[in-house]
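Engineer: structure for this input, please:
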Amino acid sequence: MSIASPLAALGRPVLRALAAVGRVALFAGEAVSHLFRPPFYGREFLTALIQIGWLSLPVVGLTAIFTGGALALQIYAGGARFNAEAVVPQIVAIGMTRELGPVLGGLMVAARVASSIAAELGTMKVTEQIDALTTLSTNPMKYLAVPRILAATLAVPVLVAVGDSIGIAGGWLVAISRLDFNSAGYLKNTLDFLQFWDIGSGLVKGAVFGFLVALMGCYMGMTSGRGAQGVGAATKAAVVAASVLILASNYLLTEVFFSA
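Structural biologist: The predicted structure follows:
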């Protein structure tokens, strides 16, 4: 066996991975370029906005309130070791607005929306509805992908803002009911400690996460294999890819925003 054989076996998956990254990048570039060119499909955009934004609100809200409550308990328990229990309001606020609100909200949206988009578009591909759009001189990218990507990019920051508020409220509720905090003092500490960029950075992250979720859902759906098995594989791949990209981009954005 030549020495090139194991190197080739190692190089093939690397080349496939790089090729996949290139295809996704080209797909993203095409989608972004169509955002600013007519025609615009307002009805499709509004439908996607409701599906992605409004209908995701319950799961994001439930996730946020329990996360905020658990965070308050954990910080109190940890702070008690150093007589620093008073930092609970400040750490809950900064933890929710900078990290937990955007990331957990993005992951919940990814689980719900990326899978839904991939399954819907994958089914359309299997039943040749996407080919029918092309036959009717309708660009599938503009009609199917662009409204969903734009809606997710705009809706997820709003969901993050709502989730931040609910998460902080969850921490406040646990603090005053279980940890004997004064309600007015807790809220005052929260408001005094938070800065504009703590909230703004989370909203920027939400926009990026929303773009990635819709992008992976559309890409996996529109490139899915044939048959039910292909649609199922595309749905799973969309959720996994969106989740990994959210976590990776969260680190990069945190490095950019707060490395100083």
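Engineer: switch to C-alpha atoms for all contacts and neighbour counts from now on
Structural biologist: Noted.
Engineer: roughly how far apart are residue 81 and residue 75?
Structural biologist: 10 Å (CA to CA, to the nearest Å).
Engineer: and what of residue 36?
Structural biologist: From residue 36 to residue 75 the distance is 46 Å (CA to CA).
Engineer: higher neighbour count, those two?
Structural biologist: Legend: neighbour count by other CA atoms under 10 Å for residue 36 and residue 75, higher for residue 75 (18 against 10).
Engineer: that one contacts residue 88, doesn't it?
Structural biologist: Yes. The pair residue 75 and residue 88 qualifies as a contact (CA atoms under 8 Å) at a distance of 5.9 Å.
Engineer: now the phi/psi pair for residue 83, please.
Structural biologist: phi 60, psi 40 (degrees, to the nearest 10).
Engineer: show the pLDDT at it.
Structural biologist: Predicted confidence (pLDDT) for residue 83: 78.
Engineer: give me the neighbour count for it.
Structural biologist: 11.
Engineer: please report how far it lies from residue 93.
Structural biologist: Residue 83 is 20 Å from residue 93, by CA to CA.
Engineer: same question for residue 168.
Structural biologist: In terms of CA to CA, residue 168 sits 6 Å off from residue 93.
Engineer: correct me, but residue 117 touches residue 218?
Structural biologist: Yes. Counting by CA under 8 Å, residue 218 is a contact partner of residue 117 at 6.2 Å.
Engineer: find the residues that touch each one of the two.
Structural biologist: Common contact partners of residue 117 and residue 218 (CA atoms under 8 Å, 6 or more residues apart in numbering): none.
Engineer: the lowest-mean-pLDDT helix or strand in the chain packs against which elements?
Structural biologist: The helix or strand of the chain with the poorest confidence is helix 4-34; it has a mean of 83 (mean pLDDT, DSSP states H and E). Other helices and strands packing on helix 4-34, by 3 or more CA pairs under 8 Å, 6 or more residues apart in numbering; DSSP states H and E, are helix 146-178, helix 196-222.
Engineer: past that helix, which element shows up next along the chain?
Structural biologist: The first helix or strand that comes after helix 4-34 along the chain, using DSSP states H and E, is helix 42-52.
Engineer: just give me the residue right at the centre of the chain.
Structural biologist: Among the residues of the chain, the one closest to the centroid is residue 106, at 2.7 Å (CA atoms, centre = their mean).
Engineer: which residues does the closest residue to that one other than its chain neighbours contact?
Structural biologist: Leaving aside its sequence neighbours, residue 106 sits nearest to residue 209 (CA to CA, 6 or more residues apart in numbering; 5.8 Å). By CA under 8 Å, 6+ apart, the contact set of residue 209 is 106, 153, 156, 246, 249.
Engineer: separation between residue 83 and residue 77?
Structural biologist: 10 Å.
Engineer: element containing the residue nearest to the centre of the chain?
Structural biologist: helix 101-109.
Engineer: where's that helix relative to the chain centroid, distance-wise?
Structural biologist: 5 Å (CA atoms, centre = their mean, to the nearest Å).
Engineer: if I look at the residue lying closest to residue 101 once chain neighbours are set aside, what pLDDT would I see?
Structural biologist: Using CA to CA, 6+ apart and skipping the chain neighbours, the partner closest in space to residue 101 is residue 164 (5.3 Å). We have a pLDDT of 95 for residue 164.
Engineer: burial check on residue 164, number of neighbours?
Structural biologist: 32.
Engineer: could you list the low-pLDDT ranges of the stretch 151-260 of the chain?
Structural biologist: Residue ranges of the stretch 151-260 of the chain with pLDDT under 70: 260.
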